[in-house]
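Colleague: no sequence on hand, only this structure:
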């Protein structure tokens with residue numbers, strides 16, 4: 001097949017959009033040898049205020065969850081969608097079309113919700129001007145919920161990951177079934193390579209291969225159950241509190257597991273976790289329990305860090321080692337995780353295998369990256 005010139009529309013608002021684009025680009029290179037590609041942020045280059053400050057705004061909002069929630073709720077509405085569509089097409093379409101034409105792509109792929117409606121119009125006009133159809137595709141990089149701006153139905157195809165996104169696409173964007181391709185989220189090609197090398201992960205060979213890889217990655221232990229905790233490229237999402245709750249839960253249940261925390265660009269979180277007093281984290285829970293907190297799930301709900309760096313348990317202010325504050329949606333997710341059968345299974349396996357129990361002074365069980 002002949003090589004292609006692919007233009008990805010994306011922005012560095014977190015790591016997921018760029019990672020998806022680069023994963024897709026690798027597949028284009030494999031399927032169409034000689035293919036070239038570029039990542040282009042048309043909103044930053046050709047947008048108007050405040051949208052041309054998208055990256056800076058994202059960094060600010062990701063550090064201020066309450067503001068993020070407010071902006072998301074306001075913008076994820078029919079009223080905002082209409083305003084954004086009309087204003088951006090009137091103010092930005094010509095500049096964005098010029099940028100796309102300068103690149104002269106064979107195909108355009110959007111992996112960002114704010115780069116769908118105007119680029120679709122741009123590609124349609126370019127097709128009319130050149131007499132050559134310029135296809136544009138959307139790859140929705142959300143798994144279970146997605147902003148309404150994703151679902152511009154003028155694209156050639158829209159690639160989605162789940163039934164929930166399909167329902168949203170049809171309800172919010174009136175995207176017809178023939179344009180929807182449910183295929184999952186893009187992943188790096190190296191994951192597929194490792195899956196082939198791994199084979200049956202439960203076989204002796206598969207288990208040995210996993211342990212070898214963990215050794216190559218420099219993990220302190222290679223033969224423990226491992227929990228991976230992530231908060232996106234910016235390391236957000238009440239990650240600090242989630243790690244605290246998981247750690248206390250593991251200590252309480254006697255689960256000997258390795259917790260891997262991917263902090264992304266959040267250097268403050270990484271540094272905080274490296275010096276965190278895990279004995280004090282467990283002590284906070286035990287003291288909170290004495291004050292009437294019935295379970296670790298309620299501990300998660302009651303743990304909310306104020307601006308002064310303290311936490312409130314049953315109305316009393318005590319020192320706390322977390323960063324950020326969990327809103328209702330996050331704490332409900334924690335309750336769901338801690339109620340899952342997987343933790344019970346871990347507990348039973350540890351009891352049957354009689355391993356060395358995880359204790360609060362065993363800090364080697366937490367790795368930060």
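Modeller: Done, it's in. A quick note: this is a predicted structure, and the numbers were derived from the prediction, not measured. Residues are numbered from 1 along each chain as shown.

Colleague: contacts only, for residue 158.
Modeller: 137-140, 151, 169, 175, 179-181 (CB atoms under 8 Å, 6 or more residues apart in numbering). (C-beta placed from N, C-alpha, C; glycine too.)

Colleague: go on, residue 97?
Modeller: 122, 125-126.

Colleague: so it is in which element?
Modeller: For residue 97, the host element (DSSP states H and E) is helix 78-103.

Colleague: distance between that helix and the chain's centre?
Modeller: Taking CA atoms, centre = their mean, to the nearest Å, one finds the center of helix 78-103 at 26 Å from the center of the full chain.

Colleague: tell me which strands and helices the very next helix or strand once past it is in contact with?
Modeller: Beyond helix 78-103 on the C-terminal side, the first helix or strand identified by DSSP H and E is strand 107-110. Packing partners of strand 107-110 (3 or more CB pairs under 8 Å, 6 or more residues apart in numbering; DSSP states H and E): strand 5-9, helix 117-130, strand 136-139.

Colleague: one more time with 6 Å
Modeller: Judged by 3 or more CB pairs under 6 Å, 6 or more residues apart in numbering; DSSP states H and E, the packing partners of strand 107-110 are strand 5-9, strand 136-139.

Colleague: which of those strands is buried the deepest?
Modeller: strand 136-139 (a mean of 25; mean count of other CB atoms under 10 Å).

Colleague: can you give the distance of the helix or strand where residue 168 lies from its chain's centre?
Modeller: Assigned by DSSP H and E, residue 168 belongs to helix 163-172. The chain centroid and the centroid of helix 163-172 are separated by 19 Å under CA atoms, centre = their mean.

Colleague: so for the helix or strand just after it, what's the average pLDDT?
Modeller: As assigned by DSSP H and E, the chain's next helix or strand after helix 163-172 is strand 180-182. Per-region confidence: strand 180-182 scores 97 on mean pLDDT.

Colleague: return the list of helices and strands in contact with the next helix or strand along the chain from strand 180-182.
Modeller: Beyond strand 180-182 on the C-terminal side, the first helix or strand identified by DSSP H and E is helix 189-198. For helix 189-198, there is no helix or strand it packs on, judged by 3+ CB pairs under 6 Å, 6+ apart.

Colleague: relative to helix 189-198, how tilted is the following helix or strand past helix 189-198?
Modeller: Moving toward the C-terminus from helix 189-198, the next helix or strand (DSSP H and E) is helix 204-216. Angle, helix 204-216 to helix 189-198, by axes from the mean of the first three to the mean of the last three CA atoms, to 10 degrees: 140 degrees.

Colleague: and helix 204-216, what's buried?
Modeller: Residues 209-210, 214 are the ones in helix 204-216 that count as buried (16 or more other CB atoms under 10 Å).

Colleague: give the rounded mean pLDDT of it.
Modeller: Average pLDDT, helix 204-216: 92.

Colleague: low-confidence stretches in this structure?
Modeller: 232-237, 292-369 (pLDDT under 70).

Colleague: picking up where we left off before, with distance to residue 285 added, can I get the helices and strands packed on strand 107-110 in TSV?
Modeller: As requested, the helices and strands packed on strand 107-110 are exported to TSV (distance: least, CB to CB, whole Å):
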stretch	distance to residue 285
strand 5-9	45
strand 136-139	42
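
Colleague: nearest to residue 16, out of these?
Modeller: Smallest distance to residue 16 across these (CB to CB): 11.0 Å, for strand 136-139.

Colleague: helices or strands next to that closest one in the packing?
Modeller: Against strand 136-139 (3+ CB pairs under 6 Å, 6+ apart) you get strand 107-110, strand 157-160.

Colleague: could you rerun that using 10 Å?
Modeller: strand 5-9, helix 16-31, strand 107-110, helix 117-130, strand 157-160 (3 or more CB pairs under 10 Å, 6 or more residues apart in numbering; DSSP states H and E).

Colleague: mind listing the strands that strand pairs with, and their directions?
Modeller: Next to strand 136-139 in the sheet, as set by DSSP bridges, lie strand 107-110 (parallel), strand 157-160 (parallel).

Colleague: and the helices and strands packed on strand 107-110: which comes nearest residue 20?
Modeller: Closest among the helices and strands packed on strand 107-110, using CB to CB: strand 136-139, at 6.2 Å.

Colleague: got the buried residues for the helix holding residue 97?
Modeller: Buried, per 16+ other CB under 10 Å, within helix 78-103: 80-81, 84-85, 88-89, 92-93, 95-97, 99-100.

Colleague: hmm, residue 285 and residue 250 touching each other?
Modeller: No. Counting by CB atoms under 10 Å, residue 285 is not a contact partner of residue 250; they are 11.8 Å apart.

Colleague: many thanks, have a good one.
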